[in-house]
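Peer 1: sequence first, then the predicted structure:
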Amino acid sequence: MSELQVLVATMNQTNIEMLYKKMNLKSDALVINQSNYVDYEDWYVNDAHLECYTFNEKGLSKSRNNALMRCNGEIICIADDDVIYSDSYVEDIINEFKEHPKADAIVFNVDSTVKDRNGKKINCFSRVGKMESREYGSVHIVFRREAVIKRNVFFHILFGSGAKYKCGEDTIFLKELLSRGLRLYKSPITIGVVDMSESSWFSGYNQKYFFDKGAIIACIYPNIRYFLILIQSIRNSKKYFRNYAKTKTLYKWYLAGANDYMDNFKSAKSI
């Protein structure tokens, strides 16, 4: 069992070792490569074990779950193929967990190449609650494998790039960690930078964007979804359109997504 293992989600890769080096990886890594065939390969790059599973399927959450079912590291780092890690990420992550043995999971700073898409900057080490957990994406998340697997926490396959709802898998995952009693913390250490110049799911603040956000709200907060949709409609009309004229339209889009998710959820429960 390796001390730190990075789980990389990617698509249509033909040179996994080149990807490993491009990401500046130095630890063990498990790559899930979604393509049009099925295969398994492994190598050693210096002293690090590099594995690649290729599957003929699509969906980011499916990719993450395939990696979770096959990983064996003590500490697991979630990654996308557009992250470049710092030279010291291995030592930084391992030392942070050693210094904080009560932490089941830690979110770290990951800078963005696009300044206005930088997430919330972490300035001190502290506990993260349910509301704040919404601020962090998948590539910020590092956790103790045993703590997560024992509680059977996986990514929701209805959410994420390539799924019905194009985003939100990271928010739901962190919410599940907290709901099942895991202790989530945040660290001011920066472990890498992610290229956000392009997105596989974001194409603007359009109807589909708010539809998917409505589904996320219904998934995480089903009992107060109408209240939260109203609040978000008011706030985001002002935030994204600089006035409140779009409030009613946003409410309809949010609500359509929430209702669509609840219909899917009920159907899934009845099977």
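Peer 2: Good, I have the coordinates.
Peer 1: tell me the SS of L228?
Peer 2: Assigned by DSSP: H, G, I helix; E, B strand; the rest coil, the conformation of L228 is helix.
Peer 1: meant to ask about V31
Peer 2: The local conformation at V31, judged by three-state DSSP, is strand.
Peer 1: how far away is it from V153?
Peer 2: Distance of V31 to V153, computed by CB to CB, to the nearest Å: 21 Å. All C-beta spots, glycine's among them, are computed from the backbone N, C-alpha and C.
Peer 1: between the two, which is the more surrounded one?
Peer 2: Of the pair V31 and V153, V31 is the one with more neighbours under other CB atoms under 10 Å, namely 26 against 19.
Peer 1: so who does the more buried one touch?
Peer 2: Applying CB atoms under 8 Å, 6 or more residues apart in numbering, we find V31 in contact with V8, T10, Q13, I16, L19, Y20, L50, E51, C52, Y53.
Peer 1: who wins on neighbours among those residues?
Peer 2: Within the contacts of V31, neighbour counts (other CB under 10 Å) peak at V8, which reaches 25 neighbours.
Peer 1: can you tell me which residues contact that residue?
Peer 2: Neighbouring residues of V8 by CB under 8 Å, 6+ apart: L19, M23, A29, L30, V31, I32, A67, A79, D80, D81.
Peer 1: any idea how far the residue nearest to K21 when sequence neighbours are not counted lies from I78?
Peer 2: Excluding the flanking residues, the one nearest K21 by CB to CB, 6 or more residues apart in numbering is V45, at 7.7 Å. Distance of V45 to I78, given as CB to CB: 20 Å.
Peer 1: which strand of the protein spans the most residues?
Peer 2: Secondary structure of the chain per DSSP state E: the longest strand is strand 184-194.
Peer 1: circling back to that earlier point, of V45 and I78, which one has the most company?
Peer 2: Neighbours per residue (other CB under 10 Å) separate V45 from I78, with I78 holding more: 22 against 15.
Peer 1: quick check on the residue nearest to the spatial centre of the chain: phi, psi?
Peer 2: The residue lying closest to the centre of the chain (CA atoms, centre = their mean) is S138, at 2.2 Å. Per-residue torsions, S138: phi -60, psi -40 (degrees, to the nearest 10).
Peer 1: just use 8 as the starting number from now, easier for me
Peer 2: OK, 8 is where the count begins now, so the last one is S145.
Peer 1: hmm, back to that, list the contacts of the longest strand of the chain.
Peer 2: Here strand 191-201 makes contact (CB under 8 Å, 6+ apart) with 31, 84, 87, 89-93, 96, 99-100, 103, 107, 110-120, 129-135, 139-140, 143, 146, 149, 181, 184-185.
Peer 1: need the longest helix for the protein.
Peer 2: Using DSSP state H, we find that the single longest helix of the chain is helix 254-277.
Peer 1: report the buried residues of that one.
Peer 2: Within helix 254-277, the residues that count as buried by 16 or more other CB atoms under 10 Å are 254, 257-262, 264-265, 267-269, 271.
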